[in-house]
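1. next comes the sequence, and after it the predicted model I'd like to discuss.
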Amino acid sequence: MAEYRLPWNPREGIIYGCVIAALSSLLIGGYNVYDSMGYTPDRIREFLTDYMIMWPVVFLTAFLLATVVVSRIANAVVRRYIGPNDSANAYICFNIIVNVLLMSVILSFLGGVIGQSMGNIFGGPPVDLAELAENWPRIWPRNFCIAFWVEMLIAQPAARRVMVMIHRKRMGSEFAE
């Protein structure tokens, strides 16, 4: 039986990945930019304006990293430990854990490079790679926790819902959830 919550072909895979990358980069990236660049609640308008300028770069980075690098590694790991008799939910949960682990490890550093580069464009200091590397052990656990819950509760369910909607439309009256 086909799994209606997951992509069936590469085109759907791109849609699925875009939904996840859009929501994750908006929420996780937005939080990190807000936190690391010293915005305060009274400067929320400034933050939103600045982040909407930065967000396309953050989205593209997250999407490309996830689809070109991380998904291949994650799929290999998931295939190794999840068997054909395991449930779709086991596959989904394990896939989320592996993807979030890999993405958070990489983006806790790369996101800092992107954020500082964009911040430099807005008049901030230049990128300090040594500082980013020094801060990584402190930043990564927090990013992993934030990313895990954003993925589990918001991004992945939204992407799966989009897949169900696409499959429902395609299948018409044959659709059974």
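-> Right, received. Where do you want to start?
2. how near is Ala159 to Asn9?
-> 15 Å (CB to CB, to the nearest Å). Heads up, the C-betas are built off the backbone N, CA and C, glycines and all.
3. and if you look at Tyr16?
-> Separation of Tyr16 from Asn9 (CB to CB): 10 Å.
4. just for the chain, where's the confidence low?
-> Across the chain, the ranges flagged by pLDDT under 70 are 1-2, 122, 173-177.
5. which one's the longest helix in this protein?
-> helix 88-121 (DSSP state H).
6. from Lys169, how far out is Phe148?
-> 31 Å.
7. which of these two has more neighbours?
-> Phe148 (16 against 9; other CB atoms under 10 Å).
8. got the contact list for the more buried one?
-> Residues near Phe148 by CB atoms under 8 Å, 6 or more residues apart in numbering: 96-97, 100, 104.
9. out of those residues, who's the most crowded?
-> Greatest neighbour count in these, by other CB under 10 Å, goes to Val100: 26 neighbours.
10. surely that residue touches Phe144?
-> Yes: contact criterion CB atoms under 8 Å: Val100 and Phe144 qualify, at 6.5 Å.
11. on that earlier part again, Tyr16 and Asn9 - which one has more neighbours?
-> Tyr16 (22 against 7).
12. need the phi and psi values for the more buried one.
-> With angles defined as degrees, to the nearest 10, Tyr16 sits at phi -60, psi -50.
13. check Gly124 too.
-> With angles defined as degrees, to the nearest 10, Gly124 sits at phi -80, psi -180.
14. and it, what does it touch?
-> The contact partners of Gly124, by CB under 8 Å, 6+ apart, come to 37, 116.
15. from Gly115, how far off is it?
-> For Gly124 relative to Gly115 (CB to CB), the value is 9 Å.
16. same check, this time on Val162
-> Val162 is 28 Å from Gly115, by CB to CB.
17. what's near enough to touch Asn143?
-> 28, 32, 104, 107-108, 111.
18. and what of Leu102?
-> Leu102 neighbours (CB under 8 Å, 6+ apart): 70, 73-74.
19. take the residues you listed and, keeping just the buried ones, write it as a ChimeraX select command.
-> Filtering the contacts of Leu102 down to the buried ones (16 or more other CB atoms under 10 Å) takes a single ChimeraX command:
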select :70,74
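20. near Arg45, how many other residues are there?
-> By other CB under 10 Å, 8 other residues sit near Arg45.
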